[in-house]
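S.K.: sequence? don't have it. structure:
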C-alpha cells in the first residue's frame, strides 16, 4: 500500500481488483483517520488513489460486496462531530458511527444509504450477505452487553440485520 495504514476496510469486486477504504494512517509521526479510497490492480501490482473520498475520515468500516460494482460500508469509527484532534491522543476523539455508505465503482462515488444503522456499529467479524433475502447480518462488537463490563466470556455480541432492498442496483 502507498501509505502505512491499519484498520482499513478492504473488499474485492473482481478477481483483479481490491478496494481499500479509510483506516488509520501515520502523518508526521501522528496517527490520523483517513477518508482515502485506494484501488489495487492485482495483475499490474499497482495502487491507485481514487479522486473520490469517503464523506468523513473513518476506520474499521465493515465492507460487503453487493454486486459486481457496489460495496456497502457499515459503521466504523469516526471523529466526534467530525472534528479532528489537534495534539491529543486520537482515541479519545473517536466514536462508533451508525453510517451505511454505498460505494459505486462505475462512477466512482460514495453516498449515504437511505437507511442508516439503528445503533453505532464496529466489528472485526466478517459480515454475512444473504442474497436470497437481500439482507446483511452484522456482529456488533459495540453491543451494550460487551461494553458495560460484563463477563465477556458469558456475554454474547448482538446480531444486527440490515435490509438492502431498494438501496442498491441489483442488476449485476
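M.R.: Structure received. Small disclaimer: the values here were computed from a predicted structure and weren't measured.
S.K.: Just want the most central residue of this structure.
M.R.: Compute the mean C-alpha point of the chain, and by C-alpha atoms, centre = their mean the closest residue is residue 61, 1.9 Å away.
S.K.: show me the contacts for it.
M.R.: 9, 21, 22, 73, 74, 75, 76, 101 (C-beta atoms under 8 Å, 6 or more residues apart in numbering). Glycine gets a C-beta too; all of them are placed from N, C-alpha and C.
S.K.: Looking at neighbours, which among those is most surrounded?
M.R.: Ranked by neighbour count (other C-beta atoms under 10 Å), the contacts of residue 61 have residue 76 at the top, with 30 neighbours.
S.K.: so how far is residue 24 from it?
M.R.: For residue 76, the distance to residue 24 (C-beta to C-beta, to the nearest Å) stands at 11 Å.
S.K.: anything in contact with each of those two?
M.R.: residue 59.
S.K.: Tell me which helix or strand in this structure has the weakest average pLDDT.
M.R.: helix 144-147 (a mean of 50; mean pLDDT, DSSP states H and E).
S.K.: Keep only those of the contacts of residue 61 that are in strands.
M.R.: Of those, the ones assigned to strands by DSSP state E are 9, 21, 73, 74, 101.
S.K.: Check those residues against residue 156 and report the nearest one.
M.R.: residue 74 (19.5 Å; C-beta to C-beta).
S.K.: My guess is the closest one contacts residue 64. True?
M.R.: Yes. With contact defined as C-beta atoms under 8 Å, residue 74 reaches residue 64; the gap is 7.1 Å.
S.K.: Number of residues surrounding residue 34?
M.R.: 23.
S.K.: Against residue 25, how distant is it?
M.R.: 5 Å.
S.K.: and residue 112, how many neighbours?
M.R.: So residue 112, with other C-beta under 10 Å, has 11 neighbours.
S.K.: pretty sure it contacts residue 56?
M.R.: No. Residue 112 is beyond contact range of residue 56, at 10.2 Å (criterion: C-beta under 8 Å).
S.K.: what phi and what psi does the backbone show at the residue nearest to the centre of the chain?
M.R.: Dihedral pair for residue 61: phi -70, psi 160, per degrees, to the nearest 10.
S.K.: Can you tell me how far it is from residue 93?
M.R.: Taken as C-beta to C-beta, the span from residue 61 to residue 93 is 18 Å.
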